[in-house]
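Participant: my questions concern the predicted model and sequence given below.
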Amino acid sequence: MCVYIYILSSAIESSFPAVNLSDIYLLQSVMTLMVRSAAMLVTTLVSEPTASFTTLLYYSDLLPQNLNLERLVRRDLLDPENYLFHFLINLLRCF
């Protein structure tokens, strides 16, 4: 069993190149931004699903021109650090 684990670990180490410490720090900083953005997006979608979906559709230009629907749009959801919300808006603009 120990020989199998040693062979497996040496195969994994040989297949991946060495990673610089600066790359690890960069990845950690990007992950903290994405985790915060994902948490903001999930809490928005769960707490106020109607307002968040109408805001997504409104800013992606997919919401029909209707005053009743435009009243549900929340401009405060467009926080500059809400990267995934902006990503979804730009993704929906493609359709």
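Facilitator: Everything's here; your move. Numbers count the residues shown, from 1 in each chain.

Participant: quick one: the longest helix seen in the chain to chain centroid distance?
Facilitator: Longest helix of the chain, by residue count under DSSP state H: helix 21-47. Computed by C-alpha atoms, centre = their mean, to the nearest Å, the chain-centroid distance of helix 21-47 equals 7 Å.

Participant: show me what secondary structure element comes after it.
Facilitator: Later in the chain than helix 21-47, the nearest helix or strand by DSSP states H and E is helix 49-59.

Participant: quick one, that next one and helix 21-47 angle?
Facilitator: 120 degrees (axes from the mean of the first three to the mean of the last three C-alpha atoms, to 10 degrees).

Participant: tell me which residues are up against the helix or strand that comes right after helix 49-59.
Facilitator: Remark: after helix 49-59, the chain's next helix or strand is helix 67-70, criterion DSSP H and E. Identification of contacts with helix 67-70 by C-beta atoms under 8 Å, 6 or more residues apart in numbering yields 54, 58, 63. Where C-beta positions appear, they are placed from N, C-alpha and C, glycine not excepted.

Participant: any idea which of the residues you listed is closest to Ser29?
Facilitator: Tyr58 (31.7 Å; C-beta to C-beta).

Participant: how close does the closest one sit to Leu91?
Facilitator: Tyr58 is 15 Å from Leu91, where distance means C-beta to C-beta, to the nearest Å.

Participant: so which of the two has more stuff around it?
Facilitator: When neighbours are counted by other C-beta atoms under 10 Å, Tyr58 and Leu91 differ, and Tyr58 comes out ahead with 18 against 11.

Participant: before we move on, which element is the spatially most central residue of the chain in?
Facilitator: For the chain, the residue nearest the mean C-alpha position is Leu84 (3.8 Å; C-alpha atoms, centre = their mean). In this structure, Leu84 is located in helix 83-92 according to DSSP H and E.

Participant: avg pLDDT for that helix?
Facilitator: On average, the pLDDT along helix 83-92 is 93.

Participant: poorly predicted segments of the chain, please.
Facilitator: Counting by pLDDT under 70, the chain contains low-confidence residues at 1-21.

Participant: ok, 80 please
Facilitator: Counting by pLDDT under 80, the chain has low-confidence residues at 1-30.
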